[in-house]
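In: Give me coordinates for this.
(one chain, ligands or ions: 1)
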Amino acid sequence: MSDTTAVINLDLTGPTISRHLYGHFAEHLGRCIYGGFWVGEDSPIPNEGGIRLDVVEALRALNIPNLRWPGGCFADEYHWKDGIGPREQRPRMVNTHWGNVEENNHFGTHEFMALCELLGAEPYISGNVGSGTVQEMSEWVEYLTRDGDSPMVRLRKANGREEPWRVKFWGIGNETWGCGGNMRAEYSADLARQYATYCRDHGENKLYRIASGASDADYKWTETLMQQISCFGCEATPKNFFQGLSVHYYTLAGPWEAKGSATDFDTDDYYRTMAAARKIDRILTGHSTVMDVYDPGRTVGLVLDEWGTWWDVEPGTNPGFLFQQNTLRDALVASVHFDIFHKHAARLHMANIAQTVNVLQAMILTDGDSLVLTPTYHVFEMNKGHQDASSLTVHLRGEDAEQEHLSASASVKDGTVLISLSNLDAEEPARVTLDLRGGGLGATTARILTADRLQDHNAPGAPETVAPRAFEDLKTTDRGLELTLPPHSFVTVRAPLA
Ligand code: AHR
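Out: Take a look at the predicted model:
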């Protein structure tokens, strides 16, 4: 068994961990919207105005801070005016990216805003740059956020919504290097400037515009965008054209053409997955380093608005629907990502797991009227105390200098400390001693998420195969609070400052 000391200085707080690092993503893709969030008002599944209430209830327990919509790739073929007005009269279209299926536009702007209100989440709308127009995006902002009287305000009111909504987060296109238009970085950067100009702040609604950014380690793309951030000369006080830029990174255990099964994998696949998950640290460091050169004051945020595991679809399902199972391995991918996100809290403003329901690394899987919470869901729930907390640095010390089998992070909020620990070793337990300095802790409670096998997952007949339980294997020694983490486990420790 390995023996590690985790040194945490309770009185040395770092940057705030934005709650938006726990953001979500819902695309018109497979069964994420239709069947996942939306069942329609006539459904026998309990709903409010067509929105599935069991899904809302489960997500409310996560305090989800924001929801990105309508894509993804879908965003760049979505025309928002097709999704307003009486549902039966809305035009239909083909979702060419995802399964070539017909989209009836029954879930549109008003339905999305109603969903965000039910969830208590901020909307993050991704606008169409790939096949839309500047006018179309500009009018969408006006429709949603303008008060008083104007053409789009009159249209909104005619559709039953008197008051403007607040919509701060606004994506200027998605993956413009690929499905969003196959552009060069230079062209995409120019379009970002142009579209951002016409996405106006109406009244008190101040936009946070997010330019379509890089994939993986494409630091050149980030540099090209960062060279454009400021509108020098157009105002007495230069302001940034956009307040954030995105990056996407997915965890795969192999090549794109052979991603492997979500449930049928061996220990080597598991370790390859963990190595790929930890790579997000280097990727965020790389983009942040480039951004520091052009924006040393850190006024522009990095937004990882797509992350998570991507496996082969479940056998027998539509390959365009990206439906995959979710095991303890996925949960550990999530816990590792969060530790790394907390470390990058100064530059990383937002992160959105792909995707919330029934697609890729989901929180929730539905099948008809059944609903299952995935192991990944439980990591979001166990970690929610980190939202808007002050980060605390964790120094790991042990025989293995890299401490590759361990991942950890900590924070403090309102006098309560939350420490997250993952033992990534597939076979061996790990002893961890918390050496807390600069203060002490009161009564400690701890929870664990683990299972017999890494491949274990939840299903309608066995919904709690991987679910959090109380963790008792901790004791106070003269070196600190000692915990023995079972193999492949995630543990959270929570305690008030004494
Ligand atoms: O999340 C699935 C897809 O992955 C998104 O639509 C796209 O942006 C990315 O390539």
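In: so who does D54 touch?
Out: Contact analysis of D54 by C-beta atoms under 8 Å, 6 or more residues apart in numbering lists I45, P46, L371. No exception for glycine: its C-beta is placed from N, CA and C like everyone else's.
In: Any buried residues in stretch 433-445, and which?
Out: Within stretch 433-445, the residues that qualify as buried are T433, L434, L436, L441, T444, counting by 16 or more other C-beta atoms under 10 Å.
In: What about those residues, which are in strands?
Out: Cross-referencing these against strands under DSSP state E gives T433, L434, L436.
In: Not counting sequence-adjacent ones, nearest residue to H405?
Out: Counting by C-beta to C-beta, 6 or more residues apart in numbering, the nearest residue to H405 once its immediate chain neighbours are dropped is D425, at 4.1 Å.
In: which helices and strands does the helix or strand hosting E136 pack with?
Out: Here E136 sits within helix 134-145, counting by DSSP states H and E. Secondary-structure packing of helix 134-145 (3 or more C-beta pairs under 8 Å, 6 or more residues apart in numbering; DSSP states H and E): helix 109-119, strand 122-127, helix 151-158, helix 185-198.
In: quick one, it and helix 109-119 angle?
Out: Counting by axes from the mean of the first three to the mean of the last three C-alpha atoms, to 10 degrees, helix 134-145 lies at 40 degrees to helix 109-119.
In: Helix 134-145: which residues count as buried?
Out: Buried positions in helix 134-145, judged by neighbour count with 16+ other C-beta under 10 Å: V134, E136, M137, S138, E139, W140, V141, E142, Y143, L144, T145.
In: List the contacts of R397.
Out: Counting by C-beta under 8 Å, 6+ apart, R397 touches T4, T5, A6, V7, Q403.
In: Mind putting those residues into TSV with neighbour count, pLDDT and secondary structure?
Out: As requested, the contacts of R397 are exported to TSV (neighbours: other C-beta atoms under 10 Å; pLDDT from 0 to 100; DSSP: H, G, I helix; E, B strand; the rest coil):
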residue	neighbour count	pLDDT	secondary structure
T4	20	93	strand
T5	16	94	strand
A6	23	95	strand
V7	15	96	strand
Q403	19	66	coil
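In: Nearest approach to the ligand belongs to which of the helices and strands packed on helix 134-145?
Out: Between the ligand and the helices and strands packed on helix 134-145, the tightest spacing by C-beta to the nearest ligand atom is seen for strand 122-127, at 8.8 Å.
In: Quick one: name the residues of the stretch 101-250 of the chain near the ligand.
Out: The stretch 101-250 of the chain comes close to the ligand at residues N174, E175, as judged by C-beta under 6 Å from any ligand atom.
In: Contact partners for D367?
Out: D367 makes contacts with P460, as judged by C-beta under 8 Å, 6+ apart.
In: check contacts around the residue of the stretch 251-400 of the chain found nearest the ligand.
Out: Closest residue of the stretch 251-400 of the chain to the ligand, C-beta to the nearest ligand atom: A354 (4.0 Å). Going by C-beta under 8 Å, 6+ apart, A354 touches F25, E27, G72, Y250, E306, W307, G308, L360, Q361.
In: now swap in L483 and tell me
Out: The contact partners of L483, by C-beta under 8 Å, 6+ apart, come to L421, R431, V432, T433, L434, A446, F471, D473, L474, V491, V493.
In: What number of residues are in the vicinity of the nearest residue to E27 once chain neighbours are set aside?
Out: The shortest distance from E27 to any non-neighbouring residue, by C-beta to C-beta, 6+ apart, is to G72 (3.8 Å). Using other C-beta atoms under 10 Å, G72 is surrounded by 29 other residues.
In: what's the answer for A459, then?
Out: 12.
In: and the residue nearest to it when sequence neighbours are not counted, how many neighbours does it have?
Out: Among residues not flanking A459 along the chain, V372 sits closest, at 6.3 Å (C-beta to C-beta, 6+ apart). V372: 23 surrounding residues under other C-beta under 10 Å.
In: Does V372 touch P463 like I think?
Out: Yes - in this structure, V372 is within contact of P463 by C-beta atoms under 8 Å, at 5.5 Å.
In: residues contacting W98?
Out: With contact set as C-beta under 8 Å, 6+ apart, W98 has these partners: E27, H28, L29, G30, C73, F74, G320, F321, L322.
In: er, N383 I mean
Out: Contacts of N383 were listed using C-beta under 8 Å, 6+ apart, and they are Y22, S335, F338, L418, S420, T492.
In: Quick check: pLDDT value at S230.
Out: Note for S230: predicted pLDDT of 72.
In: Give the phi and psi angles for A334, as a check.
Out: Main-chain dihedrals, A334, degrees, to the nearest 10: phi -70, psi -40.
In: Make sure it is actually in contact with I353.
Out: Yes - the criterion here is C-beta under 8 Å, and A334 meets it with I353 at 7.3 Å.
In: Reformat the buried residues of stretch 433-445 as a markdown table; add distance to P255 and pLDDT.
Out: Formatted as a markdown table, those follow (distance: C-beta to C-beta, whole Å; pLDDT from 0 to 100):
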| residue | distance to P255 | pLDDT |
| --- | --- | --- |
| T433 | 40 | 96 |
| L434 | 40 | 96 |
| L436 | 44 | 96 |
| L441 | 46 | 92 |
| T444 | 44 | 95 |
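In: Specify which member of those is nearest to the ligand.
Out: L434 (36.9 Å).
In: Quick check: the closest one touching T477?
Out: No - when contacts are counted by C-beta under 8 Å, L434 is not listed as touching T477 (10.2 Å).
In: Please work out the average pLDDT along stretch 458-477.
Out: Confidence for stretch 458-477, expressed as mean pLDDT, is 96.
In: swap that for stretch 412-426, sorry
Out: 97.
In: buried set for that stretch?
Out: Quick answer for stretch 412-426 (16+ other C-beta under 10 Å): V412, K413, V417, L418, I419, S420, L421, S422, N423, L424, D425, A426.
In: just stretch 281-296 next, same as before
Out: D281, I283, L284, G286, H287, S288, V290, M291, D295.
In: same question, stretch 158-175
Out: For stretch 158-175, the buried set under the neighbour-count rule, 16+ other C-beta under 10 Å, comprises R161, P164, W165, V167, K168, F169, W170, G171, I172, G173, N174, E175.
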